[in-house]
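Trainee: What follows is a predicted protein model with its sequence.
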Amino acid sequence: MFILEIVLTFIKIGTLCFGGGYASISIVEREIVNIKGWLSYQEFFDLLAIDEITPGPIIINAATFIGTKISGIIGALSATLGSILIPCILSLTLVIIYRKYKDLRILNDILSTLKSMSFALILSTMFTIFLSIIFKNDITSFSNINYFLFILIIVSFVLIKKFNLYPIVVMLICGILNVLINIM
Amino acid sequence: MNKSKKLWTLFITTFSISLTANSGYAILSVMKNIFVKKHQWFSEEEMSNYIALAQSTPGPVAVNISMIIGYEVCGLLGSALAVLGCILPPLIIMSIVSYFYQKIVDNEYVKLFMQGMQAGVVAMLLDVLIGLFSNINKDYKYINFLVLIISFLYVRFSNLSILYLVLICILIGIIKSLYIKKKVEAK
């Protein structure tokens, strides 16, 4: 049953999502795009962009998006519930253990290691998107660089970091600008 | 507050937070305001501990914290309702968006628009990374940087599932913890 495969895959993804939303998206990239091939890279990048607009945790958005694409509403529900199964069980377990023992130190140490891992995962995903949009037609050479997008990235970064604009606003502007530059 | 009112409050709170708050930190600070200051269901210290727990398990911190707080307030039913409130907004909205996405994705202008947005995504991720970098625990700098480099190489050059990387990192974390414990005991 295909639904079972969706559920199992998302249970696996949900179990690996340490380190916050953007690290989770790296997991999705590896499991869904590379290993299962349920999304193309293009669709994956689109998902990232859409996710910024829609509310809710990234992984739930991803599960709904992917689940809807492959199996409609049932797919979305299966993927979403699968993705939160282990997190819910583990959270419950931790809260019960915490009530009994009240010792959080070992968790902190494990957590700080996982934070370093998450950093690397997010860095890798950022590179993947960067390489994909900067080099036209997937050909990696200097003659083939999309300078407009490169400049857009730098300008966006300045707007987000220095001027504290909401990322979503910056992204929408970039989207519009990219359409306009290609029309002219 | 009686039980059903608590359950309803749990659900409606997580639902509205899920609808409005953007980052994990925003969610946590709103929850602090509502559950500690407004309803006074927990103390600040208890809340901080729950947050630490929520960040220690895999999965979205919003879901984890909903699960934990729900349980502490109203047992398993509380957990279920809190988590439901958390996942309903994205489930509904994203379903609708996905449906339309499938219909418009082949449009040239939509493609260009999405491509432009991705430039914004790169910039945003860079900003996120810079924030995270300052959070990397300075105490065990060398181990943490080593983990960082190994993780990056693993993700970039291997095709294996992240599962093995996570297991290795947890193992390193446990070893690190035991090592710290020994050092403290030796003093």
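Mentor: Yep, that arrived. Quick caveat: nothing in here was measured; it's all calculated off a predicted structure.
Trainee: gap between the residue nearest the centre of chain B and residue A:123?
Mentor: Using CA atoms, centre = their mean, the residue of chain B that lies closest to the mean C-alpha position is residue B:61, 2.9 Å off. Counting by CB to CB, to the nearest Å, the separation of residue B:61 from residue A:123 is 20 Å. (C-beta placed from N, C-alpha, C; glycine too.)
Trainee: For chain B, which element, helix or strand, carries the lowest mean pLDDT?
Mentor: In chain B, no helix or strand scores lower on mean pLDDT, DSSP states H and E than helix B:24-31, which sits at a mean of 79.
Trainee: who's in contact with that helix?
Mentor: With contacts defined as CB atoms under 8 Å, 6 or more residues apart in numbering or on different chains, helix B:24-31 is touched by A:20-21, B:13, B:17-18, B:21, B:47, B:51, B:54, B:60-62, B:65, B:69.
Trainee: again, only this time at 7 Å
Mentor: With contact meaning CB atoms under 7 Å, 6 or more residues apart in numbering or on different chains, helix B:24-31 is reached by A:20, A:21, B:17, B:21, B:51, B:61, B:62, B:65.
Trainee: again, but for stretch B:166-178
Mentor: Residues contacting stretch B:166-178 (CB under 7 Å, 6+ apart): A:16, A:18, A:106, A:109, A:110, A:113, A:114, A:117, B:140, B:143, B:147.
Trainee: Likewise for stretch A:14-32?
Mentor: So stretch A:14-32 is contacted by A:9, A:12-13, A:38-39, A:44, A:48, A:57-59, A:62, A:66, A:82-87, A:114-115, A:117-118, A:121-122, A:124-125, B:24, B:58-60, B:125, B:128, B:155, B:161-163, B:166 (CB under 7 Å, 6+ apart).
Trainee: quick one: low-confidence parts of chain A?
Mentor: A:102-104, A:137-142 (pLDDT under 70).
Trainee: Let me see the ranges of the helices in it.
Mentor: Under the criterion DSSP state H, helices of chain A are mapped to A:2-16, A:20-28, A:41-53, A:58-101, A:105-134, A:147-161, A:167-183.
Trainee: Can you tell me which of the ones you listed is most buried?
Mentor: Stretch with highest mean neighbour count among the helices of chain A: helix A:20-28 (a mean of 25; mean count of other CB atoms under 10 Å in any protein chain shown).
Trainee: what is the orientation angle of that one with helix A:41-53?
Mentor: Helix A:20-28 runs at 160 degrees relative to helix A:41-53, counting by axes from the mean of the first three to the mean of the last three CA atoms, to 10 degrees.
Trainee: for chain B, what spans make up the helices?
Mentor: Remark: helices assigned in chain B by DSSP H are B:3-20, B:24-31, B:44-56, B:61-104, B:108-133, B:141-157, B:162-186.
Trainee: related to what we said a few turns ago, show me the two of the contacts of helix B:24-31 that sit farthest apart.
Mentor: Using CB to CB, the two most remote members of the contacts of helix B:24-31 are A:20 and B:17, lying 16.7 Å apart.
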